[in-house]
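> Sequence plus predicted model, see below.
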Amino acid sequence: MDKNFVGKQLKQIRIQRGISQEKLSELVDISPRQMCVIENGNSIPSLDTFIKIAKNLHFDINEFFGIEYEPTENIRNEIIEKIKTVDRKQLNLLNDIVDAVARNA
């Protein structure tokens with residue numbers, strides 16, 4: 001992860017939202033100095049801190065990193081269509097797989 005990219009992007013979003021560095025650091029429970037270090041690209045925030053920053057600045061983490069994902073409903077419909085073509089043996093196997101995933105979720 002590029003520290004400079006993260007810092008610059010966070011600073012730009014913070015400024016666009018009209019929130020001071022001090023206020024944001026207070027909202028995410030870090031020191032103003034640490035927020036400065038992050039925005040200057042000298043440090044990467046912990047995952048917990050990054051999530052708090054995203055929530056307080058109201059941005060989507062996936063969009064921040066340019067990650068595109070397919071909406072859940074599209075994936076669900078695609079799976080349903082595929083299931084319609086399987087035989088009984090394959091359907092039982094799929095049922096076992098879904099049960100295993102649900103138990104480990």
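Structure's in. What do you need? Residues are numbered from 1 along each chain as shown.
> list the buried ones in stretch 47-65?
Residues of stretch 47-65 classed as buried under the neighbour-count rule (16 or more other Cβ atoms under 10 Å) are 49-50, 52-54, 56-57, 59, 64. All C-beta atoms are positioned from the backbone trio N, CA, C, and that covers glycine.
> Run through the residues that contact the most centrally placed residue in the chain.
Nearest residue to the geometric centre of the chain (Cα atoms, centre = their mean): I61, 3.9 Å. With contact set as Cβ atoms under 8 Å, 6 or more residues apart in numbering, I61 has these partners: 50-51, 54.
> do the same with K84
With contact set as Cβ under 8 Å, 6+ apart, K84 has no partners.
> how near is it to D29?
To D29, K84 is 50 Å away according to Cβ to Cβ, to the nearest Å.
> Who are the packing partners of the helix or strand containing V6?
Assigned by DSSP states H and E, V6 falls within helix 3-16. Packed against helix 3-16 by the contact rule (3 or more Cβ pairs under 8 Å, 6 or more residues apart in numbering; DSSP states H and E) you find helix 32-39, helix 47-57.
> can you put those helices in JSON lines and add mean pLDDT and distance to G18?
Conversion of the helices and strands packed on helix 3-16 to JSON lines gives the following (pLDDT from 0 to 100; distance: least, Cβ to Cβ, whole Å):
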{"stretch": "helix 32-39", "mean pLDDT": "97", "distance to G18": "15"}
{"stretch": "helix 47-57", "mean pLDDT": "95", "distance to G18": "10"}
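> Save the ones you listed as CSV, and put in distance to L10 too.
Output for those, formatted as CSV (distance: least, Cβ to Cβ, whole Å):
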stretch, distance to L10
helix 32-39, 6
helix 47-57, 6
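> nearest to V98, of those helices?
Among those, the nearest to V98 by Cβ to Cβ is helix 47-57 (28.9 Å).
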